[in-house]
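Trainee: Let me see the structure of the following:
(chains A and B)
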Amino acid sequence: MRILDALNVHYRDLNKIVKELINSGESEIILKNVHGQRYIGAGAKGNHKLIIEGIPGNDMAAYMDGLTISIKGNAQDAVGNTMNSGRIIVYGNAGDIVGYAMRGGEIFILGDVGYRVGIHMKEYEDKKPVIVIGGKAGDFLGEYMAGGIIIILGLNTSDAEDSIGNFCGIGMHGGTIYVRKHVNINKLGKEVIAVEASMEDICIIAGYVKKFSHFFNIDFHSVMKEKFIKLYAHDSRPYGKLYAY
Amino acid sequence: MLTRKSEMLLHEGEIRIPSGCAISGIINKKGKSFSGEDIIKSISLMHERSNGLGGGFAAYGIYPEYKDLYAFHIFYDDFNAKNITEQFLNEFFHIKACDKLPTRKVPGIADAPIIWRYFAKPKEGKIMDLQLNEDDYVMWCVMKINSEIKGAFIISSGKNMGVFKAVGYPEDVAEFYMLDKYKGYCWTAHGRFPTNTPGWWGGAHPFNLLDWTIVHNGEISSYDTNRKYIEMFGYKCTLQTDTEAITYIFDLLVRRHGLPVDIVVSVIASPFWYQIERMDYRLRALMKAIRIVYGSLLVNGPFSIILGFKDGFVALNDRLKLRSLVAAKKGDFVYVASEESAIKIICSQPDTTWYPKGGEPVIAVLDNSDLIGQKAWLFKNIIDMSINKDIFDNDGIYGNIKVTGKIAVNGGISKDFNKEFNKDLDNDMPEDIELLAEVESL
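Mentor: The predicted model follows:
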């Protein structure tokens, strides 16, 4: 295990050191006093563990392939941008475009997230990206979503409050969004169909909620006792006809 | 930044500079002054968001000894421009004090213009001649100098405040102007990453008119529509960039048209029509009226801005939130910045941190601000409390507020009232509904 103090270290220097440690086979790296350094863990490969204390900068874990990153605090924009595999656990909130064009791996966030989370997520065969959000999401959740799973738990929201923002799933043509408790259909894009989650869906959700409960020490049963709404696209090629002739 | 076409500039396609400015703002709501060190630290942390082609700061409360005089900061290309401008200033103002703006030599800052500072009082007789009020008179003079005197640019023209800007990274700009030596109660800052224009000193942010300043991250696709509208009211867009238009929009709507800041926010980042259709009938009527009257002032395109003025600041995102903005509060301080880390570096444990939605303003003003009177206008003229809460719910930035003013009833009847609201509007709901009922029954 290696502990690094990131205070006043430029992101290029910090990421160079992290990369060297990963290449040398260091299995666990702890970064303390992180203040907005960008691209941490970007493009990193392997089974290494990275623990970040502070606020990592934008594009954390972009193109990441395999690492497990825990953030003891809030994260900024574009967490897991085009991530390929691995796991990110945020013990706080995250900003806009979490999981932008994500292709695989898992992101768990205890708190709220910003706008355009899961924009253009995609899946292929066994590659199925997943984002689980404990709090609520901003507008444009799952915009142009093409694959993968987003689960919104809305744990800190009241019954009157929506856990999704406006334009949810707008342009969606694949993948699934599960929302706990309720969904205001005025907030959905017109490409989206909302139904109550089936038993099969609940089994899928339960698998991820189990992990979520474990990471954040939250009671699994109290999360699962509420119903879930499933959102999916009514057409996998909504614009096919538009461009056909 | 979007620019007007000019042959001296490289056109789009000839130059490619990726976008991503940085903005930051701090206020002490009690009006207590603090040095520029915090804002410098905050904006410098976001170094990667700028590219060294512009940085700047606005500072409020820095000239208490001259607080009743207009403080002009002026860039001159040469001494000829300075002579002509000073002749003009002497004709229209009593110059009570002036000096070369103190600067240091800094490696990162080159090609500085000649920078002077004047503390001036408008000549009464001239104001009478032109039949303008004092602020309009100063605005007229600023527009005249900026558009007609070649090589002279007034970059700052408010009272007890100043704008400091240059081509360079913000931390170098701060060093150049020695901002660690100034003390103010409200600061905003900008690190520039110009998208379509090569940077120049006048084009750095903040943009200013009177005590309004704007720092802006984004670009305005509605620039020409907005510009054409405000030009009808005597504003001249001379600085080759879209951001100055927002400064003039606020001056026009708040100072000259007397609209509350909250309403102005609904003009420039108005709700969508489909949202308006779902509003309470009174708010719907108001929003429709706003969109019809001020449709030309809707600011389109991605932006996050901080509007500074003597009472504090308003931070705002475009309604689709295409730029980032984070806010936090600690005691009497309110912070906003493009990135959360830029707040945490100067305030490690805020009381609250939040992420404003698109079109949802962060309004942080001095506790003794007049704005409260403006809010009273809103409270009474239009809407009921539940809607108010919707619009103004920004984590209780207002704190406890005293509302005094007139209640418009109908048919020109009005009534004075005086009331204190708790920051948690919910607690006040029953009383306010009563108040409203009382008004309606008159």
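Trainee: per-residue confidence at the closest residue to chain B within chain A?
Mentor: Across chain A, the shortest distance to chain B (Cβ to the nearest Cβ) belongs to A:G36, at 2.9 Å. (C-beta placed from N, C-alpha, C; glycine too.) On pLDDT, A:G36 comes in at 95.
Trainee: Over to the residue lying closest to it once chain neighbours are set aside. Which of the three states is it?
Mentor: In this structure, A:G36 finds its nearest non-sequential neighbour in B:S341, 2.9 Å apart by Cβ to Cβ, 6 or more residues apart in numbering or on different chains. Under DSSP: H, G, I helix; E, B strand; the rest coil, the three-state class of B:S341 is helix.
Trainee: Could you measure from B:S341 over to A:P56?
Mentor: Using Cβ to Cβ, to the nearest Å, B:S341 is found at 8 Å from A:P56.
Trainee: joint contacts of the two?
Mentor: Counting by Cβ atoms under 8 Å, 6 or more residues apart in numbering or on different chains, the shared contacts of B:S341 and A:P56 are A:G36, A:Q76.
Trainee: Which one's more surrounded, those two?
Mentor: Shown here are B:S341 and A:P56; by other Cβ atoms under 10 Å in any protein chain shown, A:P56 has more neighbours (32 against 25).
Trainee: In contact with the closest residue to the more buried one other than its chain neighbours: list those residues for me.
Mentor: Nearest non-adjacent residue to A:P56, counting by Cβ to Cβ, 6+ apart: A:I40, 4.9 Å away. By Cβ under 8 Å, 6+ apart, A:I40 lies in contact with A:11, A:14-15, A:18, A:31, A:34, A:50, A:52, A:56-57, A:60-61, A:69.
Trainee: Contacts only, for the closest residue to A:G147 other than its chain neighbours.
Mentor: Closest residue in space to A:G147, ignoring its immediate chain neighbours: A:E123 at 3.0 Å, by Cβ to Cβ, 6+ apart. Counting by Cβ under 8 Å, 6+ apart, A:E123 makes contact with A:R103, A:G104, A:P129, A:A146, A:G147, A:G148, A:G174, A:G175.
Trainee: Looks like A:Y144 contacts A:I119 (just checking).
Mentor: Yes: counting by Cβ atoms under 8 Å, A:I119 is a contact partner of A:Y144 at 6.1 Å.
Trainee: contacting residues around the helix ranked longest in chain A?
Mentor: In chain A, taking DSSP state H as the definition, the longest helix is helix A:199-216. With contact meaning Cβ under 8 Å, 6+ apart, helix A:199-216 is reached by A:89, A:91, A:106, A:108, A:110, A:130, A:132, A:134, A:149, A:151, A:153, A:176, A:178, A:197, A:218-220, A:223-224, A:228, A:230.
Trainee: Select from those every entry located in strands.
Mentor: A:I89, A:E106, A:F108, A:V130, A:V132, A:I149, A:I151, A:T176, A:Y178, A:F228, A:K230 (DSSP state E).
Trainee: Drop anything exposed from the residues you listed.
Mentor: Listed as buried from the ones in strands among the contacts of helix A:199-216 are A:I89, A:E106, A:F108, A:V130, A:V132, A:I149, A:I151, A:T176, A:Y178, A:F228, A:K230; burial here means 16 or more other Cβ atoms under 10 Å in any protein chain shown.
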